[in-house]
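Colleague: Okay, predicted coordinates and the sequence, questions at the end:
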Amino acid sequence: MAAPIIRRALMYVPGSSKRMLEKSASVTVDTIAYDLEDSVTPGKKAEARQNLVTLLRQPRPQSIREMCVRINSVDSGLALDDLTEVLKGEHLDAIMLPKCQSAADLHFVTDVLRHVLPERHPSTPRPGQEGKPPISIIALIESAKAIQNLSEICSASPYLSGLVFAAEDFALDMSLTRTPSLTEFLYARGAIATAARAAELPSTIDLVCTAYKGEQGQKTLKEECLNGKRMGFNGKQCIHPSQIEICQRSFSPEEKELEWAVRIVIADEKADRAGRGAWTLDGKMIDVPVVGKARSVIAKAELCDMDVDAVREKWEDQEPE
């Protein structure tokens, strides 16, 4: 069964490369997106589908939280063939839909999922299927039209659980030149993060970092991760295994952040038992939104496999001031 949704790093693997597919089983990552789209030439599409069906029927690697397939876009004419095959894979958790332009694209994939796997609809559990998690859809936002249609996209399907920003395709559509500052993408990224949050989608996955080699590449990647985190994204796309660790660490709570959250929650529990509605910590007034933020940090830390119990034990004597 798939773990709760957390996509700090989403790693692409070409579906046509058996060597890379085999190697991917040993990678430790939140999400792997096995690709049938850009990295697979037209003549290799059918072979890639069969590769993925075979892979998704094998025992599930414990080091991968979520196994996803990026199908071809609806307007390519290949999406139905992709879905018909890969939905046979027992361990498939999610479908990534590229070039999602409008609600109609999501309606197409939703209708196929409902028809082929009705037992894995998010809101209609079937008897005897309690152990089967729902299938998710992750939508790639790649164009000006998609940005304008974000509201309808976010409400188009009960399967939708995340948005991904495809910067290179967006730059092509807008005739933009990507710069290290990424300022040319600020509007699109802000719109995506805001729309996903408004729709309560669990994932907003930021653009690919094209630099990854050497010390400078790793530094650039970390800076991009932290920049995305400040904008409201909670994950990043990866094109090389060396990017995964930095992405997953960057989009996890920092140790000091977790300590702060635990102190807040412990003190709040004691204040509540004492009937105290207002209290302070380190000289700062603590109110309901602050406590809510602290609880969300702890929940995220638990999903990230951080040792929350050890931090709680360290601060068990924390008192509200």
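Modeller: Received the coordinates, thanks.
Colleague: Now residue 238. Its backbone dihedrals?
Modeller: phi -120, psi 140 (degrees, to the nearest 10).
Colleague: er, residue 201 actually
Modeller: Dihedral angles (degrees, to the nearest 10) for residue 201: phi -80, psi 140.
Colleague: Give the burial count for it, as a bare number.
Modeller: 18 (other Cβ atoms under 10 Å). Glycine gets a C-beta too; all of them are placed from N, C-alpha and C.
Colleague: Name the nearest residue to it, ignoring sequence neighbours.
Modeller: residue 162 (5.5 Å; Cβ to Cβ, 6 or more residues apart in numbering).
Colleague: Quick one: residues contacting that neighbour.
Modeller: By Cβ atoms under 8 Å, 6 or more residues apart in numbering, the contact set of residue 162 is 5, 7, 136, 138-139, 196, 201-205.
Colleague: Just give me how far the host helix or strand of it sits from the chain centre.
Modeller: Using DSSP states H and E, residue 162 maps to strand 160-165. Offset of strand 160-165 from its chain centre (Cα atoms, centre = their mean, to the nearest Å): 7 Å.
Colleague: how distant is the following helix or strand past it from the center of its chain?
Modeller: Sequence-wise, the next helix or strand downstream of strand 160-165 (DSSP H and E) is helix 167-174. In terms of Cα atoms, centre = their mean, the centre of helix 167-174 is set 21 Å apart from its chain centre.
Colleague: Residue ranges of each domain in this protein, please.
Modeller: Using the TED database, the domain ranges for the chain come out as 9-251, 255-315.
Colleague: Throw these into JSON lines and include mean pLDDT and distance to residue 321, thanks.
Modeller: Listed next are these as JSON lines, based on pLDDT from 0 to 100; distance: least, Cβ to Cβ, whole Å:
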{"stretch": "domain 9-251", "mean pLDDT": "94", "distance to residue 321": "29"}
{"stretch": "domain 255-315", "mean pLDDT": "90", "distance to residue 321": "5"}
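Colleague: Check those domains for me and report the most buried one.
Modeller: Across these, averaging neighbours per residue (mean count of other Cβ atoms under 10 Å) puts domain 9-251 on top, at a mean of 18.
Colleague: End to end on that one, go ahead and measure it.
Modeller: 8 Å (Cα to Cα, to the nearest Å).
Colleague: How about stretch 72-79?
Modeller: Stretch 72-79: ends 5 Å apart by Cα to Cα.
Colleague: can you tell me the helix or strand for residue 195?
Modeller: helix 186-198.
Colleague: Show me the helices in the protein, by range?
Modeller: 18-24, 45-56, 79-86, 103-116, 144-148, 150-154, 167-174, 186-198, 214-231, 244-250, 255-273, 288-303, 308-314 (DSSP state H).
Colleague: Could I get the ones you listed in JSON lines, plus columns for distance to residue 92?
Modeller: Shown next, in JSON lines, are those (distance: least, Cβ to Cβ, whole Å):
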{"stretch": "helix 18-24", "distance to residue 92": "14"}
{"stretch": "helix 45-56", "distance to residue 92": "5"}
{"stretch": "helix 79-86", "distance to residue 92": "6"}
{"stretch": "helix 103-116", "distance to residue 92": "11"}
{"stretch": "helix 144-148", "distance to residue 92": "24"}
{"stretch": "helix 150-154", "distance to residue 92": "22"}
{"stretch": "helix 167-174", "distance to residue 92": "24"}
{"stretch": "helix 186-198", "distance to residue 92": "23"}
{"stretch": "helix 214-231", "distance to residue 92": "27"}
{"stretch": "helix 244-250", "distance to residue 92": "21"}
{"stretch": "helix 255-273", "distance to residue 92": "33"}
{"stretch": "helix 288-303", "distance to residue 92": "21"}
{"stretch": "helix 308-314", "distance to residue 92": "31"}
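Colleague: Which of the ones you listed sits closest to residue 63?
Modeller: Set against residue 63 and scored by Cβ to Cβ, the helices of the chain come closest in helix 18-24, at 9.8 Å.
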